[in-house]
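Participant: A structural model of the following input is requested.
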Amino acid sequence: MQVGIDMGSLTGGQPARLDIEELLATRLLVQGNSGSGKSHLLRRLLEQSAQWVQQVIIDPEGDFVTLSEKYGHLVVEGERSEGELAGIASRIRRHRVSCVLSLEGLDVEQQMRAAAVFLNAMFDADHEFWYPVLVVVDEAQLFAPAVGGDVSEDARKMSLGAMTNLMCRGRKRGLAGVIATQRLAKLAKNVAAEASNFLMGRTFLDIDMARAADLLGMDRRQAEMFRDLQRGNFVGLGPALSRRPLPIAIGAVETQARSSSPKLMPMPETVEDVEDLIFTPDPEELTRPLTRRARPAPRPTTDILAELSRATPLQDQPIARSGGEAASSGLSAEEREERVSAVLSEILADPDSGYRTDAALYQDFLVRLRMRRVSGSPMPLGEFRRRVAIARSGVDAETAAGEAWATALRLSAQVSEDLQGVFLMLAVAAIRAEPCPSDARIARAYGTHSARRARRLLGYFEEQDLIIVHADHSGKRIVGIPELQAETAPGAADAPDEDAGGAEAAE
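Facilitator: Numbering: from 1, shown residues only. Take a look at the predicted model:
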């Protein structure tokens, strides 16, 4: 089926048509300086094609979340664990839901990692779910930089690899990349080169104008025209647009971004006693604590050299595990394990610990270990996550010693790390025949306040054939685990989470 959407008008007033089916096969690159109308162009494209194709928008500034109000796009906040983002991306492909991945509020490296995890999960979807998806990446130079910047090399490679997969290998998997950038010179060439359709807007730097002219097959002397383009005007070329470069004025849109370009506003009227207004503090300012971080004095070089000379060379103190670590710190293996367990218990005793990321908890864990003088190789992050999941399950020593618990641990390995704590909590309740945990209790174990998300987790476990959910004659929920041959006692799904304290009950 051939579907042409209206992107605006050509010079003579004729409609500028973009062939969506051809775009899915050939991809699109949009370039223009800040204020040239790139976001307006992308919004027009998304609005016009929303009824025809599934859409996924990687949105670093949160500008496109307003699409959800009119077109029903699901807004996915980027402040989630990598496992959760990967699971959401996989289900989005499976159920063909259009969404906006909002990365607003994250620093650049966190944005790169979140986008990479999301794109890779969509790319790795099973063959039966390779439905066509329009993947729009705004500010693509952030996710596919031409050169390394202030971010770590690991994050850069991860993000660049995901963008390369999208543009180079995504077509066979139904993924059609639409990337927009302020500067072509900052965008990795192997990513930009895979696009066959181009929309070039206003730009001023010679290097960007020259690259734009080359991509459009224009004489370099014609590159000067890109300086004169008005906001919202682009030069288009490609099999989905036109076989020769054509000027296109992008049409109007029905939704607006939450942020907009600054507009001039009249200055306020002259205020009397302006000096008193500015120099007299408010009463609240006097009660607000003033905290300043004192800059530490630099250590003398002689002290640093003396400390280095006293250190034991690495080859004379090899890294050891378990008993070897304990011996190097003067602690027995039992004492070291007691201190590690105590630190872990302290962290998880905090009511807010369930809503902190594993990475933040892990950093807190390492700092507390150093404060307790527990030296040696730290616990790996994977093992830490596993122990946190077990601790949050509420298992006691008697239950942990049984065969049923060993089976539960084996079954938990079938789900992602962020879901293991929830599954093990259900397993403990089933083994002990305790009442089924409420939605609020399941939500807290997962690190959220959403009862609806808790119910979705139970549905996911049931889809994976790990549990069976049913109700008794009074409507209370029962969760059975076939592999354990055990099930929970009936429990009210809407019961409050008593262990979370007053704040949680108020939620």
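
Participant: Which residue ranges of the stretch 151-300 of the chain form strands?
Facilitator: Under the criterion DSSP state E, counting those that start in this stretch, strands of the stretch 151-300 of the chain are mapped to 175-181, 197-200, 233-238, 242-250.

Participant: swap that for the chain, sorry
Facilitator: Remark: strands assigned in the chain by DSSP state E are 4-9, 15-19, 28-31, 54-59, 74-77, 99-102, 133-137, 175-181, 197-200, 233-238, 242-250, 468-471, 477-481, 486-487.

Participant: In TSV: these, plus distance to Glu275 and mean pLDDT.
Facilitator: (Each C-beta comes from the backbone N, C-alpha and C, glycine too.) As requested, these are arranged in TSV below (distance: least, CB to CB, whole Å; pLDDT from 0 to 100):
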stretch	distance to Glu275	mean pLDDT
strand 4-9	53	88
strand 15-19	57	90
strand 28-31	50	90
strand 54-59	45	95
strand 74-77	45	92
strand 99-102	43	94
strand 133-137	51	95
strand 175-181	48	93
strand 197-200	52	88
strand 233-238	49	88
strand 242-250	49	87
strand 468-471	69	91
strand 477-481	66	93
strand 486-487	74	92
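
Participant: Turn the ones you listed into JSON lines, including mean neighbour count and distance to Val415.
Facilitator: JSON lines is the format used below for the strands of the chain (neighbours: other CB atoms under 10 Å; distance: least, CB to CB, whole Å):
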{"stretch": "strand 4-9", "mean neighbour count": "18", "distance to Val415": "41"}
{"stretch": "strand 15-19", "mean neighbour count": "19", "distance to Val415": "42"}
{"stretch": "strand 28-31", "mean neighbour count": "26", "distance to Val415": "37"}
{"stretch": "strand 54-59", "mean neighbour count": "24", "distance to Val415": "24"}
{"stretch": "strand 74-77", "mean neighbour count": "18", "distance to Val415": "20"}
{"stretch": "strand 99-102", "mean neighbour count": "24", "distance to Val415": "22"}
{"stretch": "strand 133-137", "mean neighbour count": "25", "distance to Val415": "25"}
{"stretch": "strand 175-181", "mean neighbour count": "25", "distance to Val415": "26"}
{"stretch": "strand 197-200", "mean neighbour count": "25", "distance to Val415": "41"}
{"stretch": "strand 233-238", "mean neighbour count": "23", "distance to Val415": "43"}
{"stretch": "strand 242-250", "mean neighbour count": "17", "distance to Val415": "45"}
{"stretch": "strand 468-471", "mean neighbour count": "13", "distance to Val415": "16"}
{"stretch": "strand 477-481", "mean neighbour count": "20", "distance to Val415": "13"}
{"stretch": "strand 486-487", "mean neighbour count": "20", "distance to Val415": "18"}
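
Participant: Met218 is nearest to which of these?
Facilitator: strand 242-250 (6.2 Å; CB to CB).

Participant: Could you give the separation of the closest one from the chain centroid?
Facilitator: 35 Å (CA atoms, centre = their mean, to the nearest Å).

Participant: Now do that strand against strand 4-9, angle only.
Facilitator: 60 degrees (axes from the mean of the first three to the mean of the last three CA atoms, to 10 degrees).

Participant: wait, Val388 sits on Leu348?
Facilitator: Yes. At 6.9 Å, Val388 counts as touching Leu348 under the criterion of CB atoms under 8 Å.

Participant: Got the domain ranges for the protein?
Facilitator: For the chain, automatic domain parsing gives the domain ranges 4-250, 319-379, 399-506.

Participant: Find the one among these with the highest mean neighbour count.
Facilitator: Comparing those by mean neighbour count (mean count of other CB atoms under 10 Å), domain 4-250 comes out on top with a mean of 19.

Participant: so Ser39 touches Glu139, yeah?
Facilitator: No. Ser39 is beyond contact range of Glu139, at 9.5 Å (criterion: CB under 8 Å).

Participant: can you tell me which residues contact Ala155?
Facilitator: 109, 112-113, 116 (CB atoms under 8 Å, 6 or more residues apart in numbering).

Participant: Please dump the domains of the chain into TSV; it should also carry distance to Ile278 for every row.
Facilitator: Putting these into TSV (distance: least, CB to CB, whole Å) gives the following:
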stretch	distance to Ile278
domain 4-250	31
domain 319-379	39
domain 399-506	39
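
Participant: Could you tell me the least trusted of those?
Facilitator: Of all the domains of the chain, mean pLDDT reaches its minimum on domain 319-379 (a mean of 67).

Participant: if I look at Lys157, how far off is Ala116?
Facilitator: Distance of Lys157 to Ala116, computed by CB to CB, to the nearest Å: 9 Å.

Participant: Sorry, slip of the keys, the one I care about is Gln414.
Facilitator: Counting by CB to CB, the gap between Gln414 and Ala116 amounts to 24 Å.

Participant: Over to Ser34?
Facilitator: As judged by CB to CB, Ser34 and Ala116 stand 24 Å apart.

Participant: what do you get for Asp59?
Facilitator: For Asp59, the distance to Ala116 equals 15 Å [CB to CB].

Participant: what do you get for Val108?
Facilitator: Separation of Val108 from Ala116 (CB to CB): 12 Å.

Participant: Helices along the stretch 301-450 of the chain, start to end?
Facilitator: Taking DSSP state H, counting those that start in this stretch as the test, the helices found in the stretch 301-450 of the chain are 301-310, 323-328, 333-349, 358-371, 381-393, 397-400, 403-412, 417-432, 439-446.
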